[in-house]
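> have a look at this fold, sequence not included:
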């Protein structure tokens, strides 16, 4: 039987139309949360909501660009209107663009930072007052193993994820007295549409084989699954982690251990 650690609680998950975000939204709903599913793609958000409601859960689809203050503020207001407040925030929306710094367009730099970093800032800006009004809660940000060790061509992505780790620490210090815990997860290579995009762009024409090869670079010998990350997010967001705040947590299949970092 699935534990109900989030019964009576409300969660907001960004980038929840696919990949890690979808797995997190489904996991939190299965454990009793009412979930606001935020995604830039309205149809993808609706698909995740359908998966949750078909399983007997509660969910709300919100089409929102996390880089837009108006979209994020409206999404928070819609969540509060539908469910009465916010207890859990999972900042998962993200993009990656490849290239060395001289090659990368200014537009791609701004897109990456706006989505991965400013999006996290904006959701926290508008959700934290609602969490404070409920007496506290938990925020889990999605960073990356690339906040600590990098592959070629990901300067913008690595910079944004390193900044998310640093902001996680600052948020935890600022809001501990509000009863709000803040942590972040740092995945390795996860089998998601984002990873397939990278494999199609950087591989030898066989994206599936490229992804399989990337998976073998992890000591566990395979790609991480979105559900693997969702399990850690659910723990960190739950009262099982009541004394945990301010820290990043690797879910990288041992990747950084192999690299000696």
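Received the coordinates, thanks. Bear in mind the structure is a predicted one, so any value in this text is a computation, not a measurement. Numbering: from 1, shown residues only.
> which pLDDT value goes with the closest residue to residue 95 other than its chain neighbours?
In space, and not counting its chain neighbours, residue 95 is closest to residue 115: 4.7 Å by C-beta to C-beta, 6 or more residues apart in numbering. Just so you know, the C-beta spots here come from the backbone N, C-alpha and C atoms, and that holds for glycine as well. On pLDDT, residue 115 comes in at 98.
> residue 12 sits in which helix or strand?
Element membership for residue 12, per DSSP states H and E: strand 10-14.
> what about the residue nearest to residue 95, how many residues nearby?
Residue 115 is flanked by 22 other residues according to other C-beta atoms under 10 Å.
> for it, what are its contacts?
By C-beta atoms under 8 Å, 6 or more residues apart in numbering, the residues touching residue 115 are 66-67, 93-95, 160.
> please apply the same query to residue 63.
By C-beta under 8 Å, 6+ apart, the residues touching residue 63 are 38-42, 45.
> in this structure, which spans are helices?
Per DSSP state H, the chain carries helices over the ranges 19-30, 42-54, 69-83, 106-113, 119-133, 155-175, 193-202, 207-216, 226-237, 255-259.
> which one of the ones you listed lies nearest to residue 89?
When these are compared by C-beta to C-beta, helix 119-133 sits nearest residue 89, at 4.8 Å.
> check which helices and strands the closest one sits against.
Using 3 or more C-beta pairs under 8 Å, 6 or more residues apart in numbering; DSSP states H and E, the elements in contact with helix 119-133 are strand 10-14, helix 69-83, strand 88-91, strand 137-142, helix 155-175, strand 180-187.
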